[in-house]
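Student: missing the sequence, but the structure's below:
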């Protein structure tokens, strides 16, 4: 690969005057990535350019280092563009060397690509294509520092381009280390650090099955975003579900292309386990995460499961005032749309993500009918989303009675709700009311028996015929004590 720049002055300095005994480091197989869930929209956006600061991941890389006995410098390049500088750590499992000090050289501006080449062999070219220097790139910035095979070091302040034998230019930061080694030779090291630009979230697809009962095919995937500024190849991934606390504002924070490397088996699913207060999913095979990509991998096996669809008309909310609300104009909702909802029971602990719902049209083609967010949902708990507004259903809500007796500390209120169904099939509409003038109330009368009643909610299930209407009448009686009486 070739990176161009303006020409053209090179200055050669005898080795040791500028950079004393720097040794390059090379990446090896065995990278492990632990990704934390992130809802940062920029991670998953199709139009975002370059690396971003959203997302959070912990990286453990195997690095092959060529060491010299004694005290010397090592440069590790091709690090992500955004790092937690205080959390980088390098260790030698064999105990043959130790880190004396370390310095992170951040990728900045146009030199970010060159920074990623630190520690690699390059040719620096002049304006006519002549070679100004060849060797290991020690430092990139306003000037390039290159150490040749004979030990001399060249400082190039003006050049036309940089050529490397690699397939592409790795980008990001580099790490300069002072190492004390017991012997010379190749040594394996483990480099770990948190970085931004990597994150994941669950992606669910529910395809409703034909028939009167609510049944659906439920697919579960993990969407894994890489906007870190570098590629990750043959990586072992662990996904963390939950919400750890991140205290440092400056640290990385927790985007469709399929995974470049397939799972080891079509039936292989992530291995689940508990991690403190969180849930982890370890993927069964190594995958590639190219920079600027969103990959999807299976999270759970596809299954058919029961669900519940509801056409819902809801008035008010669960708000309760600090004193009885006796104003006649309080909470007068009129007509409104009826929304379609979908509820399912979690077959396992479901990580937070988005659920897309499809259903077949008259030709059998699956069509999108709504999308909603599912929060972290424990096994056996219910998850609900709103699909959208029902086109053929409508409701009109009218207050039919209001009276207040301040001396007797009571209030009576009644409503009539007319439900319309313009479709060619009968529908059941759930009416959800919130008697919230005061916390002490009773249902005085209703034309239909409530299907559910709590301290702040009344629900009715009303059958509405095809191309017809149905009416619900109900009345509520409120009572309070003299000490609760509004002034």
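Tutor: Structure received. What you are looking at is a predicted structure, and each value in this text was computed from that prediction instead of being measured.
Student: list the contacts for residue 477?
Tutor: 410, 411, 412, 441, 442, 443, 444 (Cβ atoms under 8 Å, 6 or more residues apart in numbering). Every residue, glycine included, has its C-beta placed from N, CA and C.
Student: cool, residue 398 as well?
Tutor: 334, 415, 416, 417, 418.
Student: And it, how close does it get to residue 103?
Tutor: Shown here: residue 398 relative to residue 103, a distance of 74 Å by Cβ to Cβ, to the nearest Å.
Student: cool, residue 283 as well?
Tutor: From residue 283 to residue 103 the distance is 34 Å (Cβ to Cβ).
Student: So for the two, which residue has more residues nearby?
Tutor: residue 283 (24 against 12; other Cβ atoms under 10 Å).
Student: State which strand of the protein is the longest.
Tutor: strand 382-405 (DSSP state E).
Student: Okay, buried residues for the next helix or strand after it please.
Tutor: With elements assigned by DSSP states H and E, the helix or strand that comes after strand 382-405 is strand 410-421. Within strand 410-421, the residues that count as buried by 16 or more other Cβ atoms under 10 Å are 411, 413, 414, 415, 417, 418, 419, 420, 421.
Student: do the same with stretch 194-213
Tutor: 194-208.
Student: Stretch 211-231 too?
Tutor: Applying 16+ other Cβ under 10 Å to stretch 211-231 flags 214, 216, 218-231 as buried.
Student: Restricted to strands, list these.
Tutor: Per DSSP E, these map to strands at 216, 218, 219, 220, 221, 222, 223, 224, 225, 226.
Student: Could you export those residues as TSV, including distance to residue 98 and pLDDT?
Tutor: Converted to TSV, those look like this (distance: Cβ to Cβ, whole Å; pLDDT from 0 to 100):
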residue	distance to residue 98	pLDDT
216	57	96
218	52	97
219	49	96
220	45	95
221	43	94
222	38	94
223	40	94
224	35	94
225	36	93
226	32	92
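Student: from those residues, which is closest to residue 54?
Tutor: Of all these, residue 54 sits closest to residue 225, with 8.6 Å by Cβ to Cβ.
Student: In contact with that closest one, which residues?
Tutor: 38, 43, 44, 55, 198, 199, 200, 255, 293, 294.
Student: Measure how buried the third one is and give me the count.
Tutor: Think residue 44. 23.
Student: gap between it and residue 37?
Tutor: For residue 44 relative to residue 37 (Cβ to Cβ), the value is 12 Å.
Student: Tally up the residues packed near the closest residue to residue 409 other than its chain neighbours, please.
Tutor: Distances taken as Cβ to Cβ, 6 or more residues apart in numbering put residue 480 closest to residue 409, at 4.9 Å, once the chain neighbours are dropped. Neighbour count for residue 480, taken as other Cβ under 10 Å: 19.
Student: Residue 480 contacts residue 438, correct?
Tutor: Yes: between residue 480 and residue 438 there is a contact under Cβ atoms under 8 Å: 5.6 Å.
Student: Could you name every residue contacting both of those two?
Tutor: residue 324.
Student: Just list the residues touching residue 305, thanks.
Tutor: By Cβ under 8 Å, 6+ apart, the neighbours of residue 305 are 215, 216, 218, 344, 345, 347.
Student: Kindly report the domain assignment for the protein.
Tutor: 2-195, 307-346+381-484 (automatic domain parsing).
Student: what's the most buried one of these?
Tutor: Mean neighbour count (mean count of other Cβ atoms under 10 Å) peaks for domain 2-195 among these, with a mean of 18.
Student: what's the spacing between residue 357 and residue 310?
Tutor: When residue 357 is compared with residue 310 (using Cβ to Cβ), they lie 13 Å apart.
Student: can you give me the strands for the stretch 151-300 of the chain?
Tutor: For the stretch 151-300 of the chain, the strands defined by DSSP state E, counting those that start in this stretch cover 153-156, 161-163, 173-181, 185-195, 198-208, 215-226, 232-241, 271-275, 278-282, 287-289, 293-306.
Student: Which one of these lies nearest to residue 86?
Tutor: Shortest distance between residue 86 and those, using Cβ to Cβ, is found for strand 185-195: 9.4 Å.
Student: Who are the packing partners of the closest one?
Tutor: Strand 185-195 sits against strand 56-67, strand 70-79, strand 89-91, with contacts defined as 3 or more Cβ pairs under 8 Å, 6 or more residues apart in numbering; DSSP states H and E.
Student: can you list the residues that contact stretch 353-371?
Tutor: By Cβ under 8 Å, 6+ apart, stretch 353-371 touches 201-208, 210, 216, 223, 340, 342, 372-374, 383, 385-388.
Student: now do the same end-to-end measure for that stretch.
Tutor: Chord length of stretch 353-371, first to last residue, is 11 Å (Cα to Cα, to the nearest Å).
Student: next one: stretch 36-55
Tutor: End-to-end distance for stretch 36-55, by Cα to Cα: 7 Å.
Student: which residues touch the closest residue to residue 88 other than its chain neighbours?
Tutor: Counting by Cβ to Cβ, 6+ apart, residue 88 lies nearest to residue 193, which is 4.3 Å off, once chain neighbours are set aside. Residue 193 makes contact with 58, 59, 79, 83, 84, 87, 88, 89, according to Cβ under 8 Å, 6+ apart.
Student: where's residue 193 relative to residue 90, distance?
Tutor: For residue 193 relative to residue 90 (Cβ to Cβ), the value is 9 Å.
Student: just residue 411 next, same as before
Tutor: Noted for residue 411: a distance of 72 Å to residue 90, by Cβ to Cβ.
Student: OK, contacts around residue 89?
Tutor: Applying Cβ under 8 Å, 6+ apart, the residues near residue 89 are 191, 192, 193.
Student: these two touch, right, residue 103 and residue 139?
Tutor: No: judged on Cβ under 8 Å, residue 103 makes no contact with residue 139 at a distance of 11.0 Å.
Student: so where is the stretch 51-200 of the chain shaky, pLDDT-wise?
Tutor: Scanning the stretch 51-200 of the chain for pLDDT under 70 picks out 51, 81, 106-113, 115-116, 165-172.
Student: now do 50
Tutor: 167 (pLDDT under 50).
Student: Next, find the distance separating the residue lying closest to residue 292 once chain neighbours are set aside from residue 185.
Tutor: Of all residues not flanking residue 292 in the chain, residue 227 sits nearest, at 6.4 Å (Cβ to Cβ, 6+ apart). Going from residue 227 to residue 185 by Cβ to Cβ gives 38 Å.
Student: repeat for residue 406
Tutor: Distance from residue 406 to residue 185, by Cβ to Cβ: 93 Å.
Student: swap in residue 412?
Tutor: 91 Å.
Student: quick one on the thing from earlier: okay, the contacts of residue 477 in a markdown table with pLDDT and distance to residue 325 next?
Tutor: A markdown table is the format used below for those (pLDDT from 0 to 100; distance: Cβ to Cβ, whole Å):
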| residue | pLDDT | distance to residue 325 |
| --- | --- | --- |
| 410 | 96 | 13 |
| 411 | 96 | 9 |
| 412 | 97 | 14 |
| 441 | 96 | 12 |
| 442 | 97 | 17 |
| 443 | 97 | 18 |
| 444 | 97 | 18 |
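Student: Name the nearest of these relative to residue 467.
Tutor: residue 443 (30.9 Å).
Student: I'd assumed residue 454 was in contact with the closest one.
Tutor: No: Residue 443 is beyond contact range of residue 454, at 11.7 Å (criterion: Cβ under 8 Å).
Student: For residue 234, which non-adjacent residue is spatially closest?
Tutor: residue 286 (4.4 Å).
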